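Q: I'd like to go over a predicted model; first the sequence, then the structure.
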Amino acid sequence: MAAQLPDCFDNWLSSFLLSHLVDDVVSGIDADSEAPTTIMDQPMVTVWKIWKMGYEPFQEAGTDTFILSTPSGNMLWSSDNAIIRDLFTHHPNVDAPVEFWKFWNVYGPTIASVQGNEWKAHRRAVTAGFGPNMNQTVWKETQHQTETLAKHWIEKYQAIIPVIRYWTSRLALNIICSGFFGMKVKWDSDDAAPLPAGHNIPLDEALPKFIENLAVYFTVPTALLGKLPVKKFQDTYQNFTEITSYLDEFRAQVLDNVEAVTAKKNKNILESVVLAGVNGKDPLPKESVLGNIFFSLLAGHETNGGTLGFIYLLMAIYPEYQQRMQKELDNQLGTRPASEWTLENDYPVLKRGFLGAIQKEVLYVFNPASFIMRKALNPVTLVDSHALYIDPERWLDENDQDLATATSFGAGGRVCPGKEFANVELTASMTTLFKSYSMELVVEKNTVDECGGDEKLAWKQTRDKAIKMIYDDLEANITIGIHKDIRTRIVKRA
Ligand code: HEM
């Protein structure tokens with residue numbers, strides 16, 4: 001089918017989102033409560049139910065691609081990878097609805113919220129930091145952080161992890177803090193480095209708390225945020241001012257050594273973005289320098305943390321896949337110590353194998369960016385093809401043409417610049433964890449009792465419950481995740 005998208009095809013979804021955001025914040029403020037219902041508590045969740053609807057709307061419509069006509073414009077929905085990729089590669093005629101992403105402009109315009117030549121300047125600044133050096137840092141730091149996290153779970157939590165997602169988000173944040181700022185974050189607060197002068201909260205604590213309350217930040221004017229007698233507002237303000245002064249200090253460190261940093265062949269993201277604020281014909285304003293660093297931190301840790309959370313949990317739920325991957329890890333890595341696993345030789349082999357297939361499957365079914373919006377700025381013609389089917393092993397079939405068009409990281413001009421960063425991190429973390437440990441679902445004693453002592457049946461019931469929870473209890477903030485208690489045990493492999 002060939003479909004023409006007229007230029008009146010507009011961002012119906014984003015206007016739906018925005019109007020709900022405003023409604024909810026206004027109706028959510030209750031004088032007696034400690035804090036208002038945030039927009040993240042309600043309508044975003046409603047919109048993210050799109051993940052739960054899955055294929056249903058397409059099944060009902062009898063097609064993988066349809067146009068929804070609404071009073072405020074037409075909107076094309078597609079679940080067809082080929083169509084989606086085709087649409088994305090029409091960039092810049094088809095671009096992100098940046099008016100919606102202005103939502104993320106904590107400091108000023110960022111790569112995600114601008115278009116045209118302005119976007120090119122932001123994109124150059126951000127992508128210059130994703131070089132081979134960054135991949136090496138991510139490979140090594142991910143191994144170190146994952147290994148120390150596994151030990152932390154065993155020593156401090158008797159090997160039982162109730163909500164994996166909480167930890168994988170922190171894991172991803174620790175890795176990104178090392179890649180961006182050379183910060184070495186410790187799991188044990190007793191070992192943590194002393195707070196830098198002038199700070200009351202460590203960056204790795206302020207950042208996740210601020211992100212959790214981003215909606216509060218966007219809906220209450222900053223001037224009021226620190227003054228209103230609502231704890232959530234004051235905390236959000238404090239976290240925001242802490243993050244701002246950390247970012248300012250990191251920026252100042254680069255500016256203090258501007259010549260040496262400019263001469264460096266491989267710059268990290270902090271350095272490349274800060275330099276884009278002082279070099280060239282049209283340097284980025286300071287708000288965009290801070291904004292891009294903040295946005296990359298956000299985009300990079302929420303997505304990776306969420307994906308690792310699903311992978312670890314799903315491996316406990318599907319031990320058959322976990323064991324197959326571990327066999328492959330044993331074959332590839334043998335008895336070599338982790339210090340000898342290399343990005344050059346081991347990473348590509350692991351990524352091509354079953355470990356890589358698990359990653360792709362999780363990114364496909366539980367993609368942190370479950371739906372991506374586009375807006376046609378000019379008329380474009382799309383060619384429909386055929387639907388995908390669910391088959392976890394499909395990623396090992398090199399002849400499957402559908403796979404070549406999978407768009408977990410987007411495609412076209414705006415394709416995720418952190419794709420390799422993410423792939424290296426996911427691979428290094430899975431390799432480190434599953435080479436030495438296994439993840440298991442905790443089968444509670446009362447479940448065994450209810451099953452009359454039949455442990456096999458009790459395990460099956462626990463697994464069925466976990467699978468159901470993954471569907472029923474999937475929550476959304478910026479990305480999707482399971483934040484409910486699905487108790488999982490980490491076990492050292494024999
Ligand atoms: C599992 C991990 C990740 C997934 C699934 C993911 C997915 C995506 C997707 C779907 C987009 C939108 C692409 C589009 O609109 O076509 C995107 C954009 C972006 N991502 Fe990622 N991402 C991940 C990790 C990262 C990491 C680690 C970083 C940085 C360290 C990052 C930074 C960005 C940035 C800056 C953009 C905006 C690009 C632009 O508008 O030009 N992402 N990502």
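A: Arrived safely. Numbering: from 1, shown residues only.
Q: ok, which residues in the stretch 351-494 of the chain are in contact with the ligand?
A: 363, 367-369, 372, 408-410, 414-418, 421-422 (CB under 6 Å from any ligand atom). All C-beta spots, glycine's among them, are computed from the backbone N, C-alpha and C.
Q: and if we set it to 5 Å?
A: Ala369, Phe409, Gly410, Arg414, Cys416, Gly418, Phe421, Ala422 (CB under 5 Å from any ligand atom).
Q: For the first one, identify the helix or strand it belongs to.
A: According to DSSP states H and E, Ala369 maps onto no helix or strand at all.
Q: quick revisit: who wins for neighbours among the residues of the stretch 351-494 of the chain next to the ligand?
A: Gly418 (25 neighbours; other CB atoms under 10 Å).
Q: Next, it: phi, psi?
A: Dihedral angles of Gly418 (phi, psi; degrees, to the nearest 10) stand at phi -90, psi 10.
Q: hang on, it packs against Ala299?
A: Yes - in this structure, Gly418 is within contact of Ala299 by CB atoms under 8 Å, at 6.5 Å.
Q: For the ligand, see how far away Arg336 is.
A: As judged by CB to the nearest ligand atom, to the nearest Å, Arg336 and the ligand stand 27 Å apart.
Q: before we move on, what about Ser178?
A: Distance from Ser178 to the ligand, by CB to the nearest ligand atom: 12 Å.
Q: For burial, what's the neighbour tally of that residue?
A: 20.
Q: Also Lys264?
A: Lys264 has 13 nearby residues by other CB under 10 Å.
Q: show me the contacts for the residue nearest to it when sequence neighbours are not counted.
A: Spatial nearest neighbour of Lys264, chain neighbours left out: Glu271 (6.9 Å); criterion: CB to CB, 6 or more residues apart in numbering. Applying CB atoms under 8 Å, 6 or more residues apart in numbering to Glu271 gives the contacts Gly129, Val254, Val261, Lys264.
Q: Which ones among these map onto helices?
A: Val254, Val261 (DSSP state H).
Q: Nearest to the ligand, out of the contacts of Glu271: which one, please.
A: Ranked by distance to the ligand (CB to the nearest ligand atom), these are led by Gly129 at 8.5 Å.
Q: quick one, phi psi at the closest one?
A: In terms of degrees, to the nearest 10, the main-chain angles of Gly129 are phi -90, psi -10.
Q: rewinding a little: now tabulate the residues of the stretch 351-494 of the chain next to the ligand in TSV and tack on pLDDT.
A: Shown next, in TSV, are those (pLDDT from 0 to 100):
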residue	pLDDT
Ala369	79
Phe409	85
Gly410	82
Arg414	83
Cys416	90
Gly418	89
Phe421	92
Ala422	92
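Q: Give me the below-cutoff pLDDT ranges for the stretch 51-200 of the chain.
A: 190-191 (pLDDT under 70).
Q: for it, what spans make up the helices?
A: Here the stretch 51-200 of the chain has its helices, by DSSP state H, counting those that start in this stretch, at 56-61, 81-88, 98-101, 116-127, 132-157, 164-181.
Q: Can you tell me which of those is most buried?
A: Mean neighbour count (mean count of other CB atoms under 10 Å) peaks for helix 164-181 among the helices of the stretch 51-200 of the chain, with a mean of 24.
Q: Please compute how far that one lies from its chain's middle.
A: How far helix 164-181 lies from its chain's middle: 11 Å, per CA atoms, centre = their mean, to the nearest Å.
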